[in-house]
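Take this sequence and fold it.
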Amino acid sequence: MKIEIAKNAGYCYGVRRAFSLVEKAVREHDGEGPFYTLGPIIHNPQAVEMLKREKGVYPISNLDEVDRGVLIVRSHGVPPELIDRALKRGLKVVDATCPFVKRAQSKAKELADEGYQVVILGEKEHPEVIGIIAHAGGKAYVIENLEDVEGLPEMKRVGVVFQTTQELESFGEILTKLLLKSDEMKVHNTICHAIRNQQTAARDLARRADLMLVVGGRNSGNTRRLLQICRDAGSRAYHIET
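The predicted model follows:
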C-alpha cells in the first residue's frame, strides 16, 4: 500500500504565525498573565488543549469573563470594538490576526468608505466573517449560495471580498448573478494563496488516490472545504480529527 501526503499539507502561515506570537507573548509577558484568547486561537481542539496544558493560554467566549492579564487575538481576527474594549478593561492585547485576514478586513473597510455596498462571500457565522463585517461598518451582506443572492435588493455599487479560506471556483455563478443585481461591481480576491495551494494539491492528489484522509478539526471550515474538494474530485474521502 502506498501512502502519499499532499503538497502544502499542514498548518498554513497564518496559523504558524499565531502559535509563534502566543509563545512570544507568554515569554515576554511572563508574570503579567493570565493569558487568554477570545475564542479558540485556531479551529483545532487538540491544539487549543495543548496551549492550555503547556502554555497556560485559555480561550474565553466573552471579555466580561476577565478583568486583567494578556488577551491574544485569534488568527481569524475580531471586530475592532472588541480590541478597544479589551484595552479599556486594562488588558494587554497581542494581535495574532492572520495577515491575509487583515487584508480582507482592510479591503472591506476601503470599499465601505468608497460608498460600495460590501458583500462578503463566505460563511455567515464564521468568526473571520463576523470580524470583516465589523470592519465594513456592520453593513455588509454575507453570501453562501445562489439563494442568498436572490434575496438581495438591487444595488448601485457592489464591492466584493472573500472569506480567506473559500474556494474561488465555487463562486463563479454567484458573481455573475451579483453583477446582474448591480450597476457597478468591484471585486477584491482576498482568498489566501496558501489555502488556494492546499486546495489545488488536495484536488490533484484526490484525482489519483483510492482513498483520501483529511485531517483537521471538525469545527474547521477550511478542513471541511478540503474534504468536499476531495469528494468532488471523485475520491472516497473521510474527515479525521484524532
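
all contacts plus neighbour counts: C-alpha atoms, from now on.
Fine.

Walk me through the domains of this protein.
Domain ranges of the chain: 13-97, 100-187, 193-240, per automatic domain parsing.

a strand runs through M212, doesn't it?
Yes: assessed by DSSP: H, G, I helix; E, B strand; the rest coil, M212 belongs to a strand.

Run through the residues that contact the residue nearest to L111 when sequence neighbours are not counted.
Excluding the flanking residues, the one nearest L111 by Cα to Cα, 6 or more residues apart in numbering is G159, at 5.9 Å. Applying Cα atoms under 8 Å, 6 or more residues apart in numbering, we find G159 in contact with 108, 111-112, 116-119, 185-188.

do G131 as well
By Cα under 8 Å, 6+ apart, the contact set of G131 is 76-80, 105.

so how far is T223 from it?
Using Cα to Cα, to the nearest Å, one obtains 20 Å as the distance from G131 to T223.

cool, K107 as well?
For K107 relative to T223 (Cα to Cα), the value is 25 Å.

do L178 as well
Taken as Cα to Cα, the span from L178 to T223 is 27 Å.

do A47 as well
Between A47 and T223 the computed distance is 15 Å (Cα to Cα).

what does V214 give?
Distance from V214 to T223, counting by Cα to Cα: 7 Å.

shared neighbours of the two, anything?
H239.

who's V161 bridged to?
Here V161 sits in beta bridges with I120, as judged by DSSP bridges.

who's in contact with it?
If you count contacts by Cα under 8 Å, 6+ apart, V161 has them with 104, 107-108, 118-121, 187-190.

just F100 next, same as before
By Cα under 8 Å, 6+ apart, the residues touching F100 are 14, 164, 190-192.

Look up how far E49 lies from V94.
Plainly put, V94 is 20 Å away from E49 if you go by Cα to Cα.

ok, back up a step: list phi and psi for the residue nearest to L111.
phi -120, psi 130 (degrees, to the nearest 10).

M212 and R236 touch, don't they?
Yes: contact criterion Cα atoms under 8 Å: M212 and R236 qualify, at 6.1 Å.

Provide a complete list of residue ranges assigned to helices in this structure.
For the chain, the helices defined by DSSP state H cover 13-28, 45-55, 80-88, 99-113, 127-135, 146-150, 172-180, 193-206, 221-232.

who wins for proximity to G69 among those helices?
Minimum separation from G69 across the helices of the chain (Cα to Cα) falls at helix 80-88, 10.1 Å.

ok and that closest one relative to helix 127-135, angle-wise?
Angle of helix 80-88 versus helix 127-135, following axes from the mean of the first three to the mean of the last three Cα atoms, to 10 degrees, is 90 degrees.

quick one: contacts of helix 80-88?
For helix 80-88, the surrounding residues in contact (Cα under 8 Å, 6+ apart) are 63, 71, 92-93, 131, 134-135.

how about the CA coordinates for that helix, as PDB?
The C-alpha coordinates for helix 80-88 follow below in PDB (Å, rounded to 0.1, in the frame of the first residue of the first chain):
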ATOM      1  CA  PRO A  80     -12.200  46.300  16.200                       C
ATOM      2  CA  GLU A  81     -14.500  47.400  19.000                       C
ATOM      3  CA  LEU A  82     -13.600  44.300  21.000                       C
ATOM      4  CA  ILE A  83      -9.900  45.300  20.900                       C
ATOM      5  CA  ASP A  84     -10.900  48.700  22.200                       C
ATOM      6  CA  ARG A  85     -13.000  47.200  25.000                       C
ATOM      7  CA  ALA A  86     -10.100  44.900  26.000                       C
ATOM      8  CA  LEU A  87      -7.700  47.900  26.200                       C
ATOM      9  CA  LYS A  88     -10.200  49.900  28.300                       C
END
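
starting at the chain centroid, how far to it?
In terms of Cα atoms, centre = their mean, to the nearest Å, the centre of helix 80-88 is set 20 Å apart from its chain centre.
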